[in-house]
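Chemist: below are the sequence and a predicted model for it; my questions follow.
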Amino acid sequence: MLNRILLALPVILVSGCIAVGPDYDRVNATKVPNQPDNWQESLPHAGDARTLENWWAQFDDPLLIELIHTAQLESGSLAAATLKIAQARALNTAAISASLPTISAAANESRGTTILGGPIIVGTTIQAQAQASWEIDLFGGVQRRRESSLARLDAEIANWHAARISIAAEMGNLYTNFRGCEQQIALFQADVQSRLQTATLSEKLGAAGFQSSANVALARASAAEGSARLVTQRAECDIAIKSMVALTGMKEIELKQKLVENQAKLPKPKLISVEQIPAQVLAQRPDIAAAERELASASAEIGVRIAERFPKITLLGNVGPMNFNSSDLTINASSWSFGPTISLPIFDSGKLAANVETARVAYQTAQTNYRQRVRAAIREVEEALVRLDSMAQREQQATVASEGFHESLEAAQERWKNGLASQLELEETRRLSFNADLTLASIRREHVNAWIALYRAVGGGWQSMIQVQ
């Protein structure tokens, strides 16, 4: 039997192995039923796809770039993703090494008795050996393991990019919300100043008998209410700063000093161009790429498990000197051996078959996860497009409303000074004008956040370097 195997070895080595299990078909494996051919929502106009590659730098806000960079350096999730890449790279190296011959050395010294066809001799035996082994990848199990480990490495690299984009978007939202909070503080301060002026004037008019005590009390209460709301708004801004400190790891006093520049100035993002075809946009998302690579790895694992059910042939060899020394005898010799070893699973109570079935189920699970990730990505892009379009329309209307209420407030103040409008009418007009200003500031902030959401949804300019055959 061994002679036949030895005769067949040259043929096996020349012809190569037969890789059992399914060959990964990326096109068919990644088909998502009922995936739309076009986006359902309107796309932003006058955008440039190239702006995604250096999008944050175009905000013209160096501090934002610094905060994003610092947050990425300090991120625990990004550090964990980096460690997973290192682990996957080590496993890939181990998988590659499994296809190569291994050489090891061993040495031993022992003392005991030996019978050499006569009397018992007590002596010392010293032996050294070099051993070599090489498993012939007859059915492609080792090849499939390499495919699986390489796909996992690609997936972890893509996950790292996904974490990086997520952190940048989170930092961008925090920064935008803080600048929007500063704008609202400015509005509250102006409102409080106006209320205080009205209260002061009301007290003077009341002292002169031109205002009732009720109107004076109302003006004083209005000023106190405005001051209380200003305190609340300042507290919200302080909380926003602490959130940025937690994400970046910067000292709070240092961050506050940096935030003084560009105070109450919202960052202005560049417009993003989105491809009409969803598949082209989804190809930019690293989380989709990671899910696809996990699917490829699961496919290769099926071949690994199938190969375990077939015979294995390993070439084994060793060579080395031996020395036996006693008081009466010294022997120096050398030994060597070389030959194939074949192992064949005969009965395992269905364990290997169960392993194959487990691998197939894992592949189906990976395919389901991929499809869910694609559908979730489509939803995220569609929702970002809806918010972006809604914010653009609302900002136009809110601007008109704010300007109109400003004119109404100025007119009400003039009528009140001339005794033609009541204190209650003035305070109601002031409330409407202030709320319109707050709404406009909030919409402008959310408009920037909507662009950030779209940036994140379309993959943040990341481009996969994975070459799939």
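Modeler: Structure's in. What do you need? The structure displayed is predicted, hence computed values, not measured ones.
Chemist: list the buried residues for the helix or strand harbouring Y455?
Modeler: Y455 belongs to helix 423-457 when assigned by DSSP states H and E. Within helix 423-457, the residues that count as buried by 16 or more other CB atoms under 10 Å are 423, 426-427, 429-430, 432-434, 436-441, 443-457. C-beta coordinates here come from the backbone N, C-alpha and C atoms, glycine included.
Chemist: also stretch 311-319?
Modeler: Buried residues in stretch 311-319 (16+ other CB under 10 Å): 312-313, 315, 317-318.
Chemist: out of those residues, which one sits closest to A106?
Modeler: N318 (8.7 Å; CB to CB).
Chemist: phi, psi of A132?
Modeler: With angles defined as degrees, to the nearest 10, A132 sits at phi -130, psi 140.
Chemist: wait, it touches A106, no?
Modeler: No: using CB atoms under 8 Å as the test, A132 is too far from A106 to be in contact (12.0 Å).
Chemist: more neighbours: these two, which one.
Modeler: Remark: of A132 and A106, A132 carries more neighbours, 14 against 11, as counted by other CB atoms under 10 Å.
Chemist: contacts only, for the more buried one.
Modeler: By CB atoms under 8 Å, 6 or more residues apart in numbering, the contact set of A132 is 101-104, 315-318.
Chemist: now these in CSV, with secondary structure and pLDDT?
Modeler: Formatted as CSV, the contacts of A132 follow (DSSP: H, G, I helix; E, B strand; the rest coil; pLDDT from 0 to 100):
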residue, secondary structure, pLDDT
P101, coil, 77
T102, strand, 79
I103, strand, 81
S104, strand, 79
L315, strand, 80
L316, strand, 80
G317, strand, 79
N318, strand, 81
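Chemist: show me what the helix or strand harbouring N215 is packed against.
Modeler: Here N215 sits within helix 213-248, counting by DSSP H and E. Contacts defined by 3 or more CB pairs under 8 Å, 6 or more residues apart in numbering; DSSP states H and E place helix 213-248 against helix 62-74, helix 141-207, helix 252-259, helix 423-457.
Chemist: neighbours around R387, how many?
Modeler: 18.
Chemist: cool, the one 10 residues further on as well?
Modeler: When neighbours are defined as other CB under 10 Å, Q397 has 12 of them.
Chemist: okay, and it sits in which element?
Modeler: When the helices and strands are read off by DSSP H and E, the one containing Q397 is helix 351-417.
Chemist: I'd like the mean pLDDT over that helix, please.
Modeler: The predicted model assigns helix 351-417 a mean pLDDT of 91.
Chemist: give me the angle between that helix and helix 423-457.
Modeler: 150 degrees (axes from the mean of the first three to the mean of the last three CA atoms, to 10 degrees).
Chemist: counting contacts, what elements does helix 351-417 pack onto?
Modeler: helix 278-282, helix 286-307, helix 423-457.
Chemist: so can I have JSON lines of those helices showing distance to T341 and mean pLDDT?
Modeler: Shown next, in JSON lines, are the helices and strands packed on helix 351-417 (distance: least, CB to CB, whole Å; pLDDT from 0 to 100):
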{"stretch": "helix 278-282", "distance to T341": "49", "mean pLDDT": "79"}
{"stretch": "helix 286-307", "distance to T341": "17", "mean pLDDT": "92"}
{"stretch": "helix 423-457", "distance to T341": "55", "mean pLDDT": "88"}
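Chemist: figure out which of those helices is closest to I253.
Modeler: helix 423-457 (25.4 Å).
Chemist: now do that closest one and helix 213-248, the angle between them.
Modeler: Taking the same axes, to 10 degrees, one finds helix 423-457 and helix 213-248 inclined to each other by 10 degrees.
Chemist: report all helices and strands that helix 423-457 contacts.
Modeler: Against helix 423-457 (3+ CB pairs under 8 Å, 6+ apart) you get helix 141-207, helix 213-248, helix 351-417.
Chemist: looking at these, which is buried most?
Modeler: helix 141-207 (a mean of 20; mean count of other CB atoms under 10 Å).
Chemist: returning to what we had before: relative to helix 141-207, how tilted is the helix holding Y455?
Modeler: 170 degrees.
Chemist: centre of the chain versus helix 423-457, how much separation?
Modeler: 32 Å (CA atoms, centre = their mean, to the nearest Å).
Chemist: one more: stretch 378-396?
Modeler: Taking mean C-alpha positions (CA atoms, centre = their mean), stretch 378-396 and its chain are 23 Å apart.
Chemist: same question for stretch 194-208.
Modeler: With CA atoms, centre = their mean, you get 57 Å for stretch 194-208.
Chemist: that one - what's its average pLDDT?
Modeler: Rounded mean pLDDT across stretch 194-208 is 82.
Chemist: next one: stretch 257-265
Modeler: For stretch 257-265, the per-residue pLDDT averages 90.
Chemist: endpoint to endpoint, that stretch covers what distance?
Modeler: 15 Å (CA to CA, to the nearest Å).
Chemist: who touches it?
Modeler: Against stretch 257-265 from outside (CB under 8 Å, 6+ apart): 61, 63, 66, 178-179, 182-183, 185-186, 241.
Chemist: ok, which pair from those residues is furthest apart?
Modeler: E66 and A186 (24.0 Å).
Chemist: quick one: N92 from K251, how far?
Modeler: According to CB to CB, to the nearest Å, N92 stands 40 Å off from K251.
Chemist: more neighbours: which of these two?
Modeler: Ranked by neighbour count (other CB under 10 Å), N92 and K251 place N92 first, with 19 against 10.
Chemist: setting aside sequence neighbours, what's the nearest residue to that one?
Modeler: Distances taken as CB to CB, 6 or more residues apart in numbering place S149 nearest to N92, at 4.2 Å, with adjacent residues excluded.
Chemist: next one: S202
Modeler: Using CB to CB, 6+ apart, the nearest residue to S202 is A219, at 3.8 Å.
Chemist: so the nearest residue to I120 once chain neighbours are set aside, which state does it fall into?
Modeler: In this structure, I120 finds its nearest non-sequential neighbour in T113, 5.1 Å apart by CB to CB, 6+ apart. Of the three states, T113 takes strand according to DSSP: H, G, I helix; E, B strand; the rest coil.
Chemist: tell me how many other residues crowd T113.
Modeler: 10.
Chemist: and it, bridged to which residues?
Modeler: V122 (DSSP bridges).
Chemist: quick one: contacts for F310?
Modeler: So F310 contacts 20, 138-139, 141 (CB under 8 Å, 6+ apart).
Chemist: again with A307
Modeler: 20-21, 139-142, 144.
Chemist: what stretches of the stretch 1-150 of the chain score poorly on pLDDT?
Modeler: 1-17, 41-43, 45-53, 112, 114-119 (pLDDT under 70).
Chemist: can you give me the strands for it?
Modeler: For the stretch 1-150 of the chain, applying DSSP state E, counting those that start in this stretch gives strands covering 102-115, 120-136.
Chemist: appreciated, that's everything.
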